[in-house]
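Colleague: Structure of the sequence below:
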Amino acid sequence: MFASLLSLLQQKPIIVDVTKQPTPTHDITFDFLVGMFAMAGLFLLAALIGSVLVAGGIIFYKRRRSSTDTSQHDHTTLRI
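Modeller: This is a model prediction of the structure:
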């Protein structure tokens, strides 16, 4: 198998033209910067919505549990 691969490479050599250089491009464009900040804003918005949902769920759970719990405790509870 290795010998057939070696003979195939010898029959068709790989030629790379190094004289042609691609045209230089600009490093960062304004559109790229706007897109980058827009993506960061979307991630922050998703994190904000997720944290509000989790916090609301925790507060709802605590209020529901405290309203159904009628036994007296020796420690102080936070009424959120």
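Colleague: can we go C-alpha only for contacts and neighbour counts from here?
Modeller: Noted.
Colleague: In the chain, what residue spans correspond to helices?
Modeller: 2-11, 30-68 (DSSP state H).
Colleague: which one of those helices is the most hemmed in?
Modeller: The highest average neighbour count among the helices of the chain, using mean count of other Cα atoms under 10 Å, belongs to helix 30-68 at a mean of 12.
Colleague: Relative to the whole chain's centre, how far out is it?
Modeller: From the chain centre to the centre of helix 30-68 is a distance of 14 Å (Cα atoms, centre = their mean, to the nearest Å).
Colleague: Comparing the helices of the chain by mean pLDDT, which bottoms out?
Modeller: Least confident of the helices of the chain, judged by mean pLDDT, is helix 2-11 with a mean of 69.
Colleague: Kindly reformat the helices of the chain as CSV containing distance to Pro22.
Modeller: CSV is the format used below for these (distance: least, Cα to Cα, whole Å):
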stretch, distance to Pro22
helix 2-11, 28
helix 30-68, 21
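Colleague: and of those, who's closest to Gln21?
Modeller: helix 30-68 (24.4 Å; Cα to Cα).
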